[in-house]
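> Pasting the sequence and the predicted coordinates here, then a few questions.
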Protein chains: 2
Amino acid sequence: MVKRYKKEDNISYALGATVAMELLNNRPECVRTVYISPKSDVDAVAKKARELGVNIVEGDKAFNILSPKENCFVIGEFDKFDTRLDEDKNHVVLVNPSNAGNLGTVIRAALAFDCGNIAVIRPAVDYFDPKTVRASMGAVFSVNVMMFDSFEDYEKSFPNRVIVPFMLSGEPFGKKSFSRDKRYSLVFGNEATGLPKEFEKYGAVRIEQSDKVDSLNLSVAASIAMYKLSVV
Amino acid sequence: MVKRYKKEDNISYALGATVAMELLNNRPECVRTVYISPKSDVDAVAKKARELGVNIVEGDKAFNILSPKENCFVIGEFDKFDTRLDEDKNHVVLVNPSNAGNLGTVIRAALAFDCGNIAVIRPAVDYFDPKTVRASMGAVFSVNVMMFDSFEDYEKSFPNRVIVPFMLSGEPFGKKSFSRDKRYSLVFGNEATGLPKEFEKYGAVRIEQSDKVDSLNLSVAASIAMYKLSVV
């Protein structure tokens, strides 16, 4: 039976037809059940689920438990999965992200800007939380996300990369040039606190902004960085 | 007495100490009351409110009504206000934005990237909704936001500008160059539907993205555009 999502569980949920469709298309082996509300007017998900031989449950029950307030009429229940980052690609490293919506939006932008390898340093919000999955619009099923206990652990696993920390104390980002021949790790800190001072040793950059705001939204900063890297 | 926010009301609320502080600093004439919870450990807001001679109410009642689930211990109640866009500045035009968080994030990025004049075309989410105000981190108190019933109304009020619609059918944005001598209106459509086809006549641009995602998040797209315009 469906129950409220908990971080410790081995399963999570893709809420909404668009997100569930991304699940079915990109991680079919992880799908457990597709729940379809009588209010759903989207046939594509049920069709795809039948093609894949996935268990379909019709009714309202799952929706009352998982999505009582939202306009969500399709839910995909899935087994959490592990991915490994691609060494030969650029990475985004999020140090202690705390907001599920931000993390999901970064994951979606990462897929859009061909930067689909994301390291997340603990403590951090859970990237399988249904809120993150939904904010990613299902991009979490196409992007590689990997958790690390510390930045040092990440560096040990993926050495010899160009580390680019984003910090208010850094050099103007507009002047930064990227090369196609190098592999970059764009590093962003926590929403409230940013990156610790020790990251300055790598040579930090700063997205030029007015001093009328304390800082940029995390997903805005990461997206501007990934976009620039993608059009090199 | 405090009551749940409704769009028709003439008052709204700044939830949280940071947001309330922006209200007090930038729209002191609009503040009605500052509510402070016994759990608050921030003195700066009460100090500023006292300096301004603003009514302060201590207690938990307002928080139970306005912010039952959040970690919010300070609330600023304010009269809604009107602003007019600055003709001599670049504008962002949001056609039918539907998500309060997106609108707030765009307003915050607009302040960060010196593009603090935002036209919103109805139907649209309410920019005084406490959720928008909070997502803007209080930038709504420094930025000019103006509502219009149609894009035609906006154009009549602000003629002779360079209109730049962002559409999937447009030319690559990376090749677009901006001039400091012109006044631009960057135009973005609704989160789900984008801009109607008739906007193509202005010469649309497209932020380069992989076809693995349908579209970019609205606040991500607008932020990339405003950033580029800000570093011209």
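That came through, no problem. Numbering: from 1, shown residues only, chains lettered A, B, ... in the order given.
> can you tell me which residues contact the residue nearest to residue A:191 when sequence neighbours are not counted?
Excluding its sequence neighbours, the residue lying closest to residue A:191 (CB to CB, 6 or more residues apart in numbering or on different chains) is residue A:218, at 5.1 Å. Quick note: C-beta positions are derived from backbone N, CA and C, even for glycine. Residue A:218 makes contact with A:94, A:97, A:99, A:102, A:106, A:188, A:191, according to CB atoms under 8 Å, 6 or more residues apart in numbering or on different chains.
> How much space separates residue A:218 from residue A:207?
Here residue A:218 is placed at a distance of 11 Å from residue A:207 (CB to CB, to the nearest Å).
> Just confirm residue A:192 contacts residue A:99, I think it does.
No - judged on CB atoms under 8 Å, residue A:192 makes no contact with residue A:99 at a distance of 9.6 Å.
> Mind checking which of the two has more residues around it?
Neighbours per residue (other CB atoms under 10 Å in any protein chain shown) separate residue A:192 from residue A:99, with residue A:99 holding more: 19 against 12.
> quick one: contacts for that one?
A:125, A:191, A:218.
> before we move on, what about residue A:228?
Going by CB under 8 Å, 6+ apart, residue A:228 touches A:173, A:176, A:178.
> hang on, isn't the last one packed against residue A:229?
So that's residue A:178. Yes - with contact defined as CB under 8 Å, residue A:178 counts as touching residue A:229 (5.4 Å).
> Now stretch A:138-157: buried residues?
In terms of neighbour count (16 or more other CB atoms under 10 Å in any protein chain shown), stretch A:138-157 has its buried residues at A:138-146, A:148, A:151, A:154-155.
> Okay, and the residue lying closest to residue A:80 once chain neighbours are set aside sits in which element?
In space, and not counting its chain neighbours, residue A:80 is closest to residue A:128: 5.2 Å by CB to CB, 6+ apart. Applying DSSP states H and E as the criterion places residue A:128 outside every helix and strand.
> Quick one: residues contacting residue A:128.
So residue A:128 contacts A:7, A:12, A:80, A:140 (CB under 8 Å, 6+ apart).
> and what of residue A:216?
Going by CB under 8 Å, 6+ apart, residue A:216 touches A:207, A:209, A:224, B:108, B:109, B:112, B:223.
> please redo it, this time with the cut-off set to 6 Å
Shown in contact with residue A:216 (CB atoms under 6 Å, 6 or more residues apart in numbering or on different chains): residue B:112.
> Model confidence for residue A:103, exactly?
If you check residue A:103, the pLDDT there is 97.
> how about residue A:14, what does it touch?
A:20, A:23, A:76, A:133.
> Assumed it was part of a strand.
Yes - applying DSSP: H, G, I helix; E, B strand; the rest coil, one finds residue A:14 inside a strand.
> Quick one: classify the residue nearest to it when sequence neighbours are not counted as helix, strand or coil.
Counting by CB to CB, 6+ apart, residue A:14 lies nearest to residue A:76, which is 3.8 Å off, once chain neighbours are set aside. With three-state DSSP as the basis, residue A:76 sits in strand.
> The one 10 residues further on too?
Of the three states, residue A:86 takes coil according to three-state DSSP.
> That one contacts residue A:116, correct?
No - applying CB atoms under 6 Å as the test, residue A:86 and residue A:116 come out as separate, 8.2 Å apart.
> higher neighbour count, those two?
Neighbours per residue, other CB under 10 Å: of residue A:86 and residue A:116, the larger number sits with residue A:116, 24 against 13.
> so what's the more buried one up against?
Residues near residue A:116 by CB under 6 Å, 6+ apart: A:110, A:143.
> circling back: among the buried residues of stretch A:138-157, which ones are in strands?
A:144, A:145, A:146, A:148 (DSSP state E).
> my read: the last one touches residue A:154, true?
Yes - with contacts defined as CB under 6 Å, residue A:148 counts as touching residue A:154 at a distance of 4.4 Å.
> who touches both of those two?
Jointly contacting residue A:148 and residue A:154 under the rule CB under 6 Å, 6+ apart are residue A:119.
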